[in-house]
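**Student:** quick one: sequence plus predicted model below, questions after.
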Amino acid sequence: MSSPASRETLGLVLGFIGMAIFGGTLPATRIAVAEIDPIALTSLRTAIAGLCSLALLLVLRRPLPRRALWGQLIIAMLCVAVLFPLLMSMGMQRVDASHGGVVLGVLPIATALVAVAITHERPRPLFWIASVAGAALVIAFALRQGGGALVAGDLFLFASVAVAAVGYAFSGRLTAQMPGWEVISWILVIALPLSIPAAVLTMPADIGHIALKPWLGLLYVALFSQWIGFFAWNAGLAMGGIARVSQIQLLQPFVTFALAAFFNDETITLQILLFAAAVVVTVAISTRTRARPVPAAAHRDREPPQLAAS
């Protein structure tokens, strides 16, 4: 039997893999929307991931979720599988992936705020200070990049952060009832009655003229960002401990920057790095001060899993 130390190490490795997968979402989306409409991209992304999820659930003969959970699953589905990828794709049509990496860097804070609201937690004052500071930094960054005004891409990204926070908070609650991979799989299966017809209706007419890279971008966000990334991330949280593994998420903006520079030929300026680092600091502070300390033995059971931005 593996030792606790080796289990935690494997959890950290899986957490890093999941975070790295999510870090590639914005660069891959940026590539895909160059030739695929955001509505078509969202429909295809969700349909492909949903069909894969359905096949896996059938093979493993997983029972349907309890009726009491369906309301939460539907809310999570609308946010995580429909609105977030659509709004994020529309944002990626208008701004660089590195720009989006800074804006979406505040998503953990937004998710924590929603979780606090639905669980009636009473975080320390420092949590609220860090949350406000993080939001202010992102808005200041967007204004500076937009020449003193918020551009349309920023508004789409801010909206995507809001809906993703709601979806991730409800997904986190559901992981108390079933494994994390099963939560995301059922979310995607429930979306199939919407995603399959939408994919058929919005399928690009000139498929043959679309280059290979946008198709690869689509497959990446469908199979990895929307589905497989959650397998690694949630398994890492379970094996390595939520408090420890979730800190790896602080690296995600910088993974996005590296991939954007390599695959999207974007220039990562010192200004972008400084704003991202400042946002990461506020996320770290808010994460550590969200809840009051609990006994170590009970920590893993009482704190809902955190989901990375996909």
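**Tutor:** Okay, I see it.

**Student:** what segments of the stretch 101-250 of the chain are helices?
**Tutor:** 107-119, 125-145, 152-174, 180-190, 192-202, 212-219, 229-240, 242-245 (DSSP state H, counting those that start in this stretch).

**Student:** select, out of those helices, the one closest to A5.
**Tutor:** For the helices of the stretch 101-250 of the chain, the distance to A5 is smallest for helix 229-240, at 10.6 Å, taking Cβ to Cβ. (C-beta placed from N, C-alpha, C; glycine too.)

**Student:** what are the contacting residues of that closest one?
**Tutor:** Where contact means Cβ atoms under 8 Å, 6 or more residues apart in numbering, the residues beyond helix 229-240 that reach it are 7-19, 21-22, 175, 179-181, 183-184, 245-246, 248, 305-308, 310.

**Student:** buried subset of these, written for PyMOL?
**Tutor:** To isolate the buried ones among these in PyMOL, judged by 16 or more other Cβ atoms under 10 Å, type:
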select buried, resi 8+11+12+13+14+15+16+17+18+19+21+22+175+180+181+183+184+245+246+248+305+306+307+308+310
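
**Student:** inside strands: which ones of the contacts of helix 229-240?
**Tutor:** If you go by DSSP state E, the contacts of helix 229-240 have nothing in strands.

**Student:** low pLDDT regions in the stretch 201-310 of the chain?
**Tutor:** Applying pLDDT under 70 to the stretch 201-310 of the chain picks out residues 242-243, 290-309.

**Student:** in contact with A211, which residues?
**Tutor:** E35.

**Student:** for G134, see how far away the closest residue to R62 other than its chain neighbours is.
**Tutor:** The spatially closest residue to R62, leaving aside those adjacent along the chain, is E182, at 6.3 Å (Cβ to Cβ, 6 or more residues apart in numbering). If you measure E182 against G134 using Cβ to Cβ, to the nearest Å, the figure is 31 Å.

**Student:** now do R122
**Tutor:** For R122 relative to G134 (Cβ to Cβ), the value is 19 Å.

**Student:** same question for F84.
**Tutor:** Distance, F84 to G134, by Cβ to Cβ: 19 Å.

**Student:** which one of the helices of the stretch 101-250 of the chain lies nearest to P253?
**Tutor:** When the helices of the stretch 101-250 of the chain are compared (using Cβ to Cβ), the closest one is helix 107-119, at 10.2 Å.

**Student:** output the contacting helices and strands for the closest one.
**Tutor:** Packing partners of helix 107-119 (3 or more Cβ pairs under 8 Å, 6 or more residues apart in numbering; DSSP states H and E): helix 125-145, helix 152-174, helix 270-289.

**Student:** angle of that helix against helix 125-145?
**Tutor:** Helix 107-119 runs at 140 degrees relative to helix 125-145, counting by axes from the mean of the first three to the mean of the last three Cα atoms, to 10 degrees.

**Student:** what comes into contact with helix 107-119?
**Tutor:** For helix 107-119, contacts defined as Cβ under 8 Å, 6+ apart pick out 121, 123, 127, 130-131, 134-135, 161-162, 164-166, 168-170, 172-173, 249, 282-283, 286-287, 290, 304, 306-307, 309.

**Student:** kindly report the same for stretch 150-167.
**Tutor:** 75-80, 83-84, 87-88, 90-95, 99-100, 103-104, 106-107, 110-111, 113-114, 139, 142-143, 145-146, 309.

**Student:** buried subset of these as a ChimeraX selection?
**Tutor:** To isolate in ChimeraX the members of the contacts of stretch 150-167 that are buried, counting by 16+ other Cβ under 10 Å, one can use:
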select :75,76,77,78,79,80,83,84,87,88,90,91,92,93,94,95,99,100,103,104,106,107,110,111,113,114,142,145,309
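
**Student:** many thanks, I have nothing further to ask.
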